[in-house]
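Enquirer: Take this sequence and fold it.
(one chain, ligands or ions: 1)
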Amino acid sequence: MSTTAAPALRAPHIVTTTAELSAAIAREIEALAPSGTAATLGLVPTMGALHSGHESLVSTAREQNDVLVVSIFVNELQFNDEHDFESYPRTLDADMEILARAGADIVFVPGDEEVYPDGRPLVKIDSGALGEKFEGASRPGHFDGMLAVVAKLLHYSMPPASVGRPVAYRAYFGAKDAQQLVLINRMVADLNYPVDVRSVPIMRTAEGLALSSRNQLLTPEQAKAALVIHRALLLVKERADRHEPLYLEDAVGLFEMEPQVELDYFELVDPRTLQELAFNCQDTPFTGEGLLLVAAKVGGVRLIDNMRLGY
Ligand code: AMP
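Expert: Numbering: from 1, shown residues only. Next comes the predicted model:
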């Protein structure tokens, strides 16, 4: 890859149509010097309401690529609850400030009619059995909707053949959405997308709450109660680091002491497939690798988090 010097701060170019997006990508790549040499292009898909977690994703992609595209699109297809879709925060002006600071070259902000000109897609991407577990169990259709838009965004930002130089194409996703990441990796492999999917670690507040656009819907008291999620993950991680039995029910017990927090699941899974580990958490010292997945509701707000064990 060609290395990228820190770019001078400039306002990103905002585009709203796929044609403008392709043209802007081609222009940015063609403007790279020297012409003819290999280039790199990064895409960071988001739904906006950007926070420091997104910013770290964008900054990582900025460091690793010559040209950087960020998309902002609140994808109705992945919301199974109309109210959740409507109340999803939309903060474009603040988002643009963050993206200028983080050095995005192009920001793609399409409307619904651009992404779904014929309404809901007739031909769908099926997230399979994995799409029905964990988050999928309480949000039917969520992952099919997410894959539908990611499949399109990956197409829209694909380096145009017209640029006449090899372009390595990367797409960046947060480790916070572990199930999303596994499904996107599978879709890219199963459908042979020419893109390198890269993940970026979870960003948290100083107290440990994973950053999420939904956190702004929490009262200060609820945000404090939500810290039990991180405490529970750490309790198990510390045991894993010491190669002790994990006793997951101790972590589950912590939630019982926080009446404002309603636990949905707390599971130990294989990090690559998200299959529940057959590993006996009760009596056997932990030696392998695993991923703890957790989801809980605080007030009406659904929060997810995860932590890798054995790394
Ligand atoms: P969203 O706008 O919620 O769809 O998120 C856009 C991208 O940012 C996804 O790839 C998320 O996984 C990622 N992301 C969201 N929150 C965080 C976080 N706290 N740390 C790292 N990445 C995150």
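Enquirer: I'd guess Ala151 is in a helix, am I close?
Expert: Yes: the assignment for Ala151 (DSSP: H, G, I helix; E, B strand; the rest coil) places it in a helix.
Enquirer: the helices in this structure, which residues?
Expert: Secondary structure of the chain by DSSP state H: the helices cover 18-30, 52-64, 82-87, 92-102, 112-115, 135-138, 142-156, 178-190, 220-225, 228-241, 248-256.
Enquirer: looking at these, which is buried most?
Expert: helix 142-156 (a mean of 22; mean count of other Cβ atoms under 10 Å). From N, CA and C alone the C-beta is placed, and that goes for glycine too.
Enquirer: wait, isn't Glu135 in contact with Gln179?
Expert: Yes: using Cβ atoms under 8 Å, Glu135 is in contact with Gln179, at 5.4 Å.
Enquirer: Which one of the helices of the chain lies nearest to the ligand?
Expert: helix 52-64 (2.5 Å; Cβ to the nearest ligand atom).
Enquirer: Alpha carbons of that closest one, as PDB, please.
Expert: C-alpha atoms of helix 52-64 as PDB (Å, rounded to 0.1, in the frame of the first residue of the first chain):
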ATOM      1  CA  SER A  52     -15.700   9.000  19.400                       C
ATOM      2  CA  GLY A  53     -16.300   5.300  18.500                       C
ATOM      3  CA  HIS A  54     -17.000   6.300  14.900                       C
ATOM      4  CA  GLU A  55     -14.200   8.800  15.000                       C
ATOM      5  CA  SER A  56     -11.700   6.100  15.900                       C
ATOM      6  CA  LEU A  57     -13.000   4.000  13.000                       C
ATOM      7  CA  VAL A  58     -12.700   6.900  10.600                       C
ATOM      8  CA  SER A  59      -9.200   7.900  11.900                       C
ATOM      9  CA  THR A  60      -8.000   4.300  11.500                       C
ATOM     10  CA  ALA A  61      -9.300   4.200   8.000                       C
ATOM     11  CA  ARG A  62      -7.700   7.600   7.300                       C
ATOM     12  CA  GLU A  63      -4.300   6.400   8.400                       C
ATOM     13  CA  GLN A  64      -4.500   3.300   6.300                       C
END
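Enquirer: Which secondary structure elements does it sit against?
Expert: strand 39-46, strand 67-72, helix 92-102, strand 167-174, strand 196-200 (3 or more Cβ pairs under 8 Å, 6 or more residues apart in numbering; DSSP states H and E).
Enquirer: thinking Thr205 is in contact with Leu211, fair?
Expert: Yes: at 6.7 Å, Thr205 counts as touching Leu211 under the criterion of Cβ under 8 Å.
Enquirer: Name the residue in these two with the higher neighbour count.
Expert: Per other Cβ atoms under 10 Å, whichever of Thr205 and Leu211 has more neighbours is Leu211, with 19 against 15.
Enquirer: Backbone dihedrals for the more buried one, please?
Expert: For Leu211, the backbone dihedrals are phi -70, psi 140 (criterion: degrees, to the nearest 10).
Enquirer: contacting residues for the spatially closest residue to it that is not a sequence neighbour?
Expert: Spatial nearest neighbour of Leu211, chain neighbours left out: Gly53 (3.8 Å); criterion: Cβ to Cβ, 6 or more residues apart in numbering. The contact partners of Gly53, taken as Cβ atoms under 8 Å, 6 or more residues apart in numbering, are 174, 176, 202-203, 210-212.
Enquirer: and the ligand, which of those reach it?
Expert: 174, 176, 202-203, 210-212 (Cβ under 6 Å from any ligand atom).
Enquirer: Can you tell me which of those residues is closest to the ligand?
Expert: Gly174 (2.3 Å).
Enquirer: my guess is that closest one meets Leu57, correct?
Expert: Yes: under the criterion of Cβ under 8 Å, Gly174 makes contact with Leu57 at 5.7 Å.
Enquirer: Name the residues contacting each of Glu135 and Gln179.
Expert: The contact lists of Glu135 and Gln179 share Phe143, where a contact means Cβ under 8 Å, 6+ apart.
Enquirer: Quick one: name the residues of the stretch 201-311 of the chain near the ligand.
Expert: Checking the stretch 201-311 of the chain against the ligand by Cβ under 6 Å from any ligand atom, the hits are 202-203, 210-213.
Enquirer: Please repeat the previous calculation with a cut-off of 8 Å.
Expert: Contacts of the stretch 201-311 of the chain with the ligand, taken as Cβ under 8 Å from any ligand atom, map to 201-204, 210-213.
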